[in-house]
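S.K.: Got a sequence here, can you build the structure:
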Amino acid sequence: MKHLSTLLLAAAVALPTAALAETTWDMPTPYPEGNFHTKNDMAFVDEVKEKTGGDLVITLHPNQSLIKHPDIKSSVRDGIVPIGELLVSRLENENPIWGVDSVPFLATSYDAAKKLYDAQKPVMEKVLAKEGLKLLYSVPWPPQGLYAKKDVSQMSDLKGLTFRAYNKGTEAIASKAGMIPTQIEASDIPTAFSTGRVEAMMTSPSTGVDSKAWDFLSNYYDLQAWLPRNMVIVSQDAFDALSEADQKAVMDAAATAETRGWEASKEETKRTTQLLKDNGIKVEEPSDALKTGFTDIGEDLTAAWKASAGEDGAAIIDAYQK
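M.R.: As a prediction, this is how the structure comes out:
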């Protein structure tokens, strides 16, 4: 009996100790499990668990299943969850600096997009820090193209169409092209098109595949207009609560995720553009008239962005153009 009592006491002491040894984080993300961003997050989560020896376990909640996309950043800031992923340019209404990666035709290749990110990153970190947030990694979507339910060869073909918007930049594009912007999340794209709420959108071939665009659209024009990025952020308080060794493990895993994510994005562009073709979408280069029309819009929006973004915006553009 005495031996049994000793064992029970040891177990009672060990259980709370074991429970305290493991930190658990919930991580909401906006996109489905098959999306390359989510797969990259899954690899990050696995690496964090491995590198921390199980001290930190992150549970991924994809496809807005825990928190809706518009609320992810505020949920991390307010301590509802410690970590989350979101589209950077969603925050442009809070501060113009968040929209530079979605200024049309400013950065139209992966190399240019990386250079723009390098110029933007110090400002991102500064702005996040003011809200008790820390940037872990940021990964681009494939270049954005135009989807439509009909052939589009000139700007006048777009006038009057309802257009899926998801940030300030896409709203501005719609307005300047004579379209009607309608806020639609990525997860709601199929329903929005099927019910006639929207008739055109500008997004990546990856999102087109995720939403099975061939079920409700016929045309894709490879404009390569911009490469918007997602970012994964963490509460500074939650990060600071980790041991120094675990903090290093998280940052190492984040650096790996960023490198892996950029390469995955390039492969995703090839893969998903081919899938659009394979499933019957007419994939075409835009006409000269369409290119010219959107380039003119891009120049207007770049000038407007620079005027709105103040000193931080000027610093980003100066660093980018060096």
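S.K.: From here on, just use CA atoms for contacts and neighbour counts.
M.R.: Noted.
S.K.: what's the domain layout of the protein?
M.R.: With domains defined by automatic domain parsing, the chain comprises 2-140+229-271, 145-225+275-321.
S.K.: could the ones you listed be laid out in TSV, adding mean neighbour count and mean pLDDT?
M.R.: TSV is the format used below for the domains of the chain (neighbours: other CA atoms under 10 Å; pLDDT from 0 to 100):
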stretch	mean neighbour count	mean pLDDT
domain 2-140+229-271	18	91
domain 145-225+275-321	19	94
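S.K.: and V127, what element?
M.R.: helix 110-129 (DSSP states H and E).
S.K.: outside of that helix, which residues touch it?
M.R.: With contact meaning CA atoms under 8 Å, 6 or more residues apart in numbering, helix 110-129 is reached by 97-98, 101, 107, 134-135, 227, 236, 266, 312, 315-317, 319-320.
S.K.: give me that answer again for 7 Å
M.R.: Residues from elsewhere that reach helix 110-129 (CA atoms under 7 Å, 6 or more residues apart in numbering): 107, 134-135, 227, 312, 316, 319-320.
S.K.: Output those as TSV; include the columns distance to F193 and secondary structure.
M.R.: Output for the contacts of helix 110-129, formatted as TSV (distance: CA to CA, whole Å; DSSP: H, G, I helix; E, B strand; the rest coil):
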residue	distance to F193	secondary structure
A107	29	coil
K134	36	strand
L135	34	strand
L227	23	coil
D312	38	helix
I316	36	helix
A319	40	helix
Y320	37	helix
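S.K.: quick one: the helices in this structure?
M.R.: Applying DSSP state H to the chain gives helices spanning 2-21, 36-51, 72-77, 110-129, 168-176, 189-194, 205-210, 236-240, 244-278, 288-321.
S.K.: These: which one's closest to P142?
M.R.: Nearest to P142 among these is helix 244-278; the distance by CA to CA comes to 5.3 Å.
S.K.: so the closest one versus helix 36-51, what angle?
M.R.: Per axes from the mean of the first three to the mean of the last three CA atoms, to 10 degrees, the angle that helix 244-278 makes with helix 36-51 is 150 degrees.
S.K.: same for helix 244-278, what does it pack against?
M.R.: helix 36-51, strand 133-140, helix 205-210 (3 or more CA pairs under 7 Å, 6 or more residues apart in numbering; DSSP states H and E).
S.K.: Format these as a markdown table; extra columns: distance to D222.
M.R.: Below are the helices and strands packed on helix 244-278 laid out as a markdown table (distance: least, CA to CA, whole Å):
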| stretch | distance to D222 |
| --- | --- |
| helix 36-51 | 20 |
| strand 133-140 | 17 |
| helix 205-210 | 9 |
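S.K.: T191 is nearest to which of the ones you listed?
M.R.: helix 205-210 (13.1 Å).
S.K.: How about the contacts made by the spatially most central residue of the chain?
M.R.: Nearest to the mean C-alpha position of the chain, counting by CA atoms, centre = their mean, stands N230 at 2.3 Å. Taking CA under 7 Å, 6+ apart, we find N230 in contact with 85-88, 138-140.
S.K.: contacting residues around the residue lying closest to it once chain neighbours are set aside?
M.R.: Using CA to CA, 6 or more residues apart in numbering and skipping the chain neighbours, the partner closest in space to N230 is L87 (4.2 Å). Contacts for L87 (CA under 7 Å, 6+ apart) come out as 229-231.
S.K.: Can you tell me which of those residues comes closest to I281?
M.R.: Proximity of the contacts of L87 to I281 (CA to CA) peaks at R229, which lies at 24.9 Å.
S.K.: My guess is I83 contacts D237. True?
M.R.: No: taking contacts as CA atoms under 7 Å, I83 lies outside contact range of D237: 10.8 Å.
S.K.: Verify the stated contact: A249 with E50.
M.R.: No: A249 lies out of contact with E50 (CA under 7 Å); the separation is 8.9 Å.
S.K.: looking at the helices of the chain, which is closest to D151?
M.R.: With CA to CA, the closest approach to D151 among these belongs to helix 288-321: 11.6 Å.
S.K.: and the closest one, what other elements does it pack with?
M.R.: Helix 288-321 packs on helix 110-129, going by 3+ CA pairs under 7 Å, 6+ apart.
S.K.: got the angle for the helix it packs on vs strand 133-140?
M.R.: 160 degrees.
S.K.: Let me know the angle separating helix 110-129 from helix 288-321.
M.R.: Using the same axes, to 10 degrees: helix 110-129 against helix 288-321 is 60 degrees.
S.K.: picking up where we left off before, next, format the helices of the chain as CSV and append distance to L146.
M.R.: Below are the helices of the chain laid out as CSV (distance: least, CA to CA, whole Å):
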stretch, distance to L146
helix 2-21, 50
helix 36-51, 20
helix 72-77, 27
helix 110-129, 18
helix 168-176, 11
helix 189-194, 14
helix 205-210, 9
helix 236-240, 38
helix 244-278, 12
helix 288-321, 10
